[in-house]
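Asks: coords please:
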Amino acid sequence: MLEFGTDGVRGRANQELTPEFALSFGRALAGVFQPKTVIIGRDTRVSGAMLSSALASGLSSSGVSVVDLGVMPTPGVAHISAKRGVAGIVISASHNPYEDNGIKVFAPGGLKLEDEIEMQIHSLILSGNFNPATSEVGEIVHDATALDEYTSYLLSHCRVSESRRLKAVIDCSNGAAVSVAPGLFSTLNLDVQFIGVTPDGRNINKDCGSVYPELLIETVRERQADLGIALDGDADRMLAVDSDGNLIDGDQLMAIFALDLKERFKLVGDSVVITVMTNLGFRQAMAENGIQVIETQVGDRYVLKALEEHKLVFGGEQSGHIIFRNLATTGDGLLSAVMLVELISRKRRSLGELAAQAMSKLPQSMVSMEFEDPKRINQIPGLSELISALEVSLEGTGRILVRPSGTEAKVRVMAEATTREMADKVVAEICQYLKQHR
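Replies: Numbers count the residues shown, from 1 in each chain. This is a model prediction of the structure:
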């Protein structure tokens with residue numbers, strides 16, 4: 001049976017993640033939370049409506065009222081969950097291909113579930129010991145106002161200068177952002193072109209969006225745009241492209257935002273929460289500017305947990321999950337995008353200049369390797385010794401990280417070094433060793 005990963009449950013739609021599983025998930029969620037109302041949003045995958053309907057049926061048959069928000073970004077569901085104080089569910093596999101789908105849950109208030117709650121839901125699905133049949137059936141209704149609520153919230157955090165009209169390209173990845181981004185960015189004082197806005201249920205994340213930014217880079221160069229914004233399938237992460245077509249990743253964006261927040265005395269505790277994947281160059285830049293770095297394992301849920309524990313307001317991941325905790329309860333690609341547009345407009349400097357001055361990236365190489373049981377890597381004989389020997393060869397000027405993916409049957413191998421060639425060499429040697437032992 002499917003298990004919870006770092007971002008809910010994911011699997012191949014209609015094979016692993018079936019309507020029967022979604023139905024049971026809804027009943028289990030009702031048993032654990034015993035909510036009166038649950039909101040459901042989804043991305044543009046062809047399997048989304050099928051799974052959403054099954055999930056809603058499971059909740060409804062347990063006496064829970066369901067509000068169907070339709071196609072809506074993950075952070076939009078989180079925002080409505082927080083605003084209305086109800087549990088929220090998103091049917092999405094984020095940056096994965098269309099064949100996959102997933103279920104992630106927000107507790108009332110818009111926060112992702114604790115591991116213990118996920119285990120309760122998982123155990124209840126396994127046992128099938130749901131609440132006894134009830135004569136009470138929850139209604140299922142559609143809400144067309146939630147998208148406007150979310151858009152208004154985003155607009156409230158962006159004041160773009162009227163004196164400089166930025167030229168921008170927005171890539172919606174043929175995903176959930178298509179329901180919000182065109183209206184949102186067309187309202188701002190931008191000369192904007194949209195790509196990745198023709199979803200057909202099967203082209204989400206296909207050769208577009210934050211996972212495949214090549215189309216955005218090409219379009220920015222052709223249009224001679226000031227910047228490009230790349231969102232992923234459920235719009236909870238964002239990467240950017242400068243006017244020269246250089247990709248600006250989550251580490252660079254976090255550095256830009258962190259320095260700006262500190263400059264304006266809005267970086268609480270002069271601290272930022274990052275993950276183990278964050279580039280060494282970011283850590284060095286923060287140290288040079290008197291900003292403390294708190295590190296967590298990979299996953300925006302862990303970044304958020306650390307923000308809560310330390311009562312901080314800013315953190316994120318290299319992948320583009322960026323959390324402004326004083327404004328949102330989760331990573332929000334669209335919020336990050338409007339905040340970036342506002343910052344560039346306010347500072348009257350190019351994105352390329354801001355990125356270059358914020359940090360210098362250490363060359364990094366990373367490979368995601370197919371691996372049937374990723375968790376087994378900790379049991380591979382000789383792997384830790386190999387990694388230790390390679391770390392010694394870097395002479396303290398780099399890092400190596402080998403970890404199982406939390407969302408796919410893959411192992412991530414990452415190395416940082418003084419040169420890209422050295423980083424590539426280290427990654428290749430580790431991957432070769434893994435291939436021999438998988």
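
Asks: show me the contacts for the nearest residue to N101 once chain neighbours are set aside.
Replies: Excluding the flanking residues, the one nearest N101 by C-beta to C-beta, 6 or more residues apart in numbering is A13, at 4.2 Å. (Glycine included, C-beta is placed from N, CA and C.) Shown in contact with A13 (C-beta atoms under 8 Å, 6 or more residues apart in numbering): 45, 47, 50-51, 99-101.

Asks: pretty sure A258 is in a helix, no?
Replies: Yes. According to DSSP: H, G, I helix; E, B strand; the rest coil, A258 belongs to a helix.

Asks: any idea where the helices of the stretch 1-150 of the chain begin and end?
Replies: All helices of the stretch 1-150 of the chain, identified by DSSP state H, counting those that start in this stretch, fall at 19-33, 48-60, 74-84, 115-127, 146-155.

Asks: weakest of those in terms of mean pLDDT?
Replies: Out of the helices of the stretch 1-150 of the chain, helix 115-127 stands lowest, with a mean of 86 (criterion: mean pLDDT).

Asks: now what about that one, what contacts it?
Replies: 1, 3-4, 21, 24-25, 27-29, 31-32, 105, 107, 113, 130.

Asks: Neighbours of E263, how many?
Replies: When neighbours are counted by other C-beta atoms under 10 Å, E263 registers 11.

Asks: and the gap between it and M277?
Replies: Look at E263 and M277: by C-beta to C-beta, to the nearest Å, they are 26 Å apart.

Asks: before we move on, what about M339?
Replies: Taking C-beta to C-beta, one finds M339 at 22 Å from M277.

Asks: sorry, back to before: and the helices of the stretch 1-150 of the chain: which comes nearest F371?
Replies: Nearest of the helices of the stretch 1-150 of the chain to F371, taken as C-beta to C-beta: helix 115-127 at 22.5 Å.

Asks: and the angle from that closest one to helix 19-33?
Replies: For helix 115-127 against helix 19-33, the angle by axes from the mean of the first three to the mean of the last three C-alpha atoms, to 10 degrees is 130 degrees.

Asks: nearest spatial neighbour of G110, skipping sequence neighbours?
Replies: Leaving aside its sequence neighbours, G110 sits nearest to A82 (C-beta to C-beta, 6+ apart; 3.2 Å).

Asks: so what's that neighbour up against?
Replies: 109-111, 329.

Asks: Now do the strands in the stretch 201-350 of the chain.
Replies: 227-231, 238-242, 247-248, 271-275, 292-296, 314-316, 322-324 (DSSP state E, counting those that start in this stretch).

Asks: Quick one: closest of these to Y433.
Replies: Among the strands of the stretch 201-350 of the chain, strand 271-275 comes nearest to Y433, with 24.3 Å by C-beta to C-beta.

Asks: Quick one: list the elements packing against that closest one.
Replies: Applying 3 or more C-beta pairs under 8 Å, 6 or more residues apart in numbering; DSSP states H and E, one finds that strand 271-275 contacts helix 250-263, helix 280-288, strand 292-296, helix 300-310, strand 314-316.

Asks: CSV for the ones you listed, including distance to L335?
Replies: Shown next, in CSV, are those (distance: least, C-beta to C-beta, whole Å):
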stretch, distance to L335
helix 250-263, 11
helix 280-288, 20
strand 292-296, 20
helix 300-310, 13
strand 314-316, 12
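
Asks: would you list the ones you listed in TSV and tack on distance to E391 and mean pLDDT?
Replies: Converted to TSV, those look like this (distance: least, C-beta to C-beta, whole Å; pLDDT from 0 to 100):
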stretch	distance to E391	mean pLDDT
helix 250-263	21	98
helix 280-288	13	94
strand 292-296	17	97
helix 300-310	24	93
strand 314-316	26	98
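
Asks: looking at those, which is buried most?
Replies: The highest average neighbour count among the helices and strands packed on strand 271-275, using mean count of other C-beta atoms under 10 Å, belongs to strand 314-316 at a mean of 28.

Asks: Which elements pack onto that strand?
Replies: Under the contact criterion of 3+ C-beta pairs under 8 Å, 6+ apart, strand 314-316 touches helix 250-263, strand 271-275, helix 300-310, strand 322-324.

Asks: Save the ones you listed as CSV, and put in distance to S61 too.
Replies: Listed next are these as CSV, based on distance: least, C-beta to C-beta, whole Å:
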stretch, distance to S61
helix 250-263, 41
strand 271-275, 39
helix 300-310, 29
strand 322-324, 35
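
Asks: and A56, which of the ones you listed is closest to it?
Replies: Across these, A56 has its closest neighbour in helix 300-310 (24.4 Å, C-beta to C-beta).

Asks: what's the closest one packed up against?
Replies: Against helix 300-310 (3+ C-beta pairs under 8 Å, 6+ apart) you get strand 111-112, strand 271-275, strand 292-296, strand 314-316, strand 322-324.

Asks: Dump these to TSV, plus distance to Q357.
Replies: Below are the helices and strands packed on helix 300-310 laid out as TSV (distance: least, C-beta to C-beta, whole Å):
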stretch	distance to Q357
strand 111-112	34
strand 271-275	17
strand 292-296	19
strand 314-316	18
strand 322-324	19
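
Asks: I am finished for the moment; much appreciated.
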